[in-house]
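Visitor: kindly generate the corresponding structure for this input.
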Amino acid sequence: MELDDLKQHWKQTPVPNNINTDIMKLIQHKSYGPVAALKKEFRKQMIVMALLPLFLLITTVDDPTKALTSILFWSYVAFCIVVVAFAYRNYRIADKMQNMNSAVRSNLEQQIMLLEKRLQWKIVGLRLAMLFFILLVEVVPYFQHYRMLDKWHALNPAIRFGAYGALLLLQYFTNQALNKHKFGNHLSYLKELVNEM
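Guide: Residues are numbered from 1 along each chain as shown. As a prediction, the model looks like this:
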């Protein structure tokens, strides 16, 4: 009788599942999971920023030399190259996380912290880039003439600088929200998974 009870109890006891293996499978999965989502966002960012200068060049198809001799165009091309390089480095970090052979929690935590820090750098870099382009828009008309910039400079300086302030404020909030939506939520989920290991 006791032996039958023991057998019954043994059959009802759930088999412990190796949670670390399941978490590593989720992290290493190529098409879903937080790391796959991060890689997808970094890849989209690289593609979009690589194509934007080409689209700007296409808009001046009637006179391409206008764009090719423009300091604004080349500044924007340099900005896009920097963003693509930065996104590529972040993509490589996420790829390393996905291709880890063993469940090394400290290594995963280090990679997550590095990505979080790099995303903070990105926010600061975008703010600095916005300030640079505002400065460029204010200075360029003294060296090159653009009809649109000449009209912009004909406005009252209070209106211009008010618009710059509103643009910086808008950038501050949209960057925070987009960064959290595209990257922050996935990193938070990844941190939760690593803490469960």
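Visitor: from memory D150 sits against V140, does it?
Guide: No: D150 is beyond contact range of V140, at 10.5 Å (criterion: C-beta atoms under 8 Å). Glycine gets a C-beta too; all of them are placed from N, C-alpha and C.
Visitor: give me the more crowded residue out of these two.
Guide: Of the pair D150 and V140, V140 is the one with more neighbours under other C-beta atoms under 10 Å, namely 17 against 10.
Visitor: quick one, what contacts the more buried one?
Guide: Counting by C-beta atoms under 8 Å, 6 or more residues apart in numbering, V140 touches 71-72, 146, 149.
Visitor: against T174, how distant is it?
Guide: Distance, V140 to T174, using C-beta to C-beta, to the nearest Å: 25 Å.
Visitor: L115 too?
Guide: 21 Å.
Visitor: please say which of the two ends up with more neighbours.
Guide: Applying other C-beta under 10 Å to L115 and T174 shows that L115 carries more neighbours, namely 21 against 10.
Visitor: picking that back up, what's the closest of the contacts of V140 to C80?
Guide: Set against C80, the nearest of those by C-beta to C-beta is L72 (12.7 Å).
Visitor: element containing the closest one?
Guide: helix 71-98 (DSSP states H and E).
Visitor: buried residues in that helix, which are they?
Guide: For helix 71-98, the neighbour count (16 or more other C-beta atoms under 10 Å) marks 72-73, 76-77, 79-80, 83-84, 86-87, 90-91, 93-94, 97-98 as buried.
Visitor: quick one: low-confidence ranges for this protein?
Guide: Low-confidence segments of the chain, defined by pLDDT under 70: 1-31, 67, 100-105, 197.
Visitor: quick check: longest helix in it by residues?
Guide: Assignment by DSSP state H gives helix 105-139 as the longest helix of the chain.
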